[in-house]
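Novice: I'll drop the sequence and a predicted model, then ask my questions.
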Amino acid sequence: MLETDEIADRDFERGYDREVVERVWCLAQVIPGNDSAVWRKDESGAWIHRLEYRNRHSEFGWEIANSSSFSQRNVGIASLRPMQWQNYVDFMVAERNNSAVTADGLRNTRRLL
């Protein structure tokens, strides 16, 4: 298991400093009955796990999406949001509105919109 400082260093190496990663994590939906420091849901309702940031080998991995256009990339934290990694990939391609990964009980599943 990685220590908190190791996780923070890994996050920093991948493009966002630890404060930004933590602030974006706090934007994810808190689910009663779950430890909000570890488990949350993204805007599509998919489970994400705090320690799985940038892990695309995990069902619960997540990325930081920037909802501003590439020409307006410096608008700040307001444009950033946490997304389960498959939803993030869908967000980055033109066909992103056709399906989303969302929770089905304690698992994630792809659903057509």
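Specialist: Arrived safely. Numbers count the residues shown, from 1 in each chain.
Novice: How about the contacts made by the nearest residue to Q29 once chain neighbours are set aside?
Specialist: Spatial nearest neighbour of Q29, excluding adjacent residues (CB to CB, 6 or more residues apart in numbering): K41 at 4.3 Å. Glycine gets a C-beta too; all of them are placed from N, C-alpha and C. Going by CB atoms under 8 Å, 6 or more residues apart in numbering, K41 touches A28, Q29, I31, W47, I48, A103.
Novice: Report the beta-bridge partners for K41.
Specialist: In this entry, K41 is beta-bridged to Q29, W47, by DSSP bridges.
Novice: Show me which residues of the helix or strand harbouring V21 are buried.
Specialist: Using DSSP states H and E, V21 sits within helix 18-25. Residues V20, V21, V24, W25 are the ones in helix 18-25 that count as buried (16 or more other CB atoms under 10 Å).
Novice: So in the chain, where's the weakest helix or strand by average pLDDT?
Specialist: Here the helix or strand of the chain ranked lowest by mean pLDDT, DSSP states H and E is helix 4-13, holding a mean of 48.
Novice: I figured I77 hits E22, correct?
Specialist: No. Between I77 and E22 there is no contact under CB atoms under 8 Å: 10.8 Å.
Novice: Name the secondary structure element that contains I64.
Specialist: strand 62-66.
Novice: Can you give the strand pairings for whatever helix or strand comes next after that strand, parallel or anti for each?
Specialist: Moving toward the C-terminus from strand 62-66, the next helix or strand (DSSP H and E) is strand 80-84. Paired neighbours of strand 80-84 in the sheet (DSSP bridges): strand 62-66 (antiparallel).
Novice: Show me what the strand it pairs with is in contact with.
Specialist: Contacts for strand 62-66 (CB under 8 Å, 6+ apart): 16, 20-21, 24, 28, 42, 48-49, 52-54, 73, 79-85, 88, 91-92.
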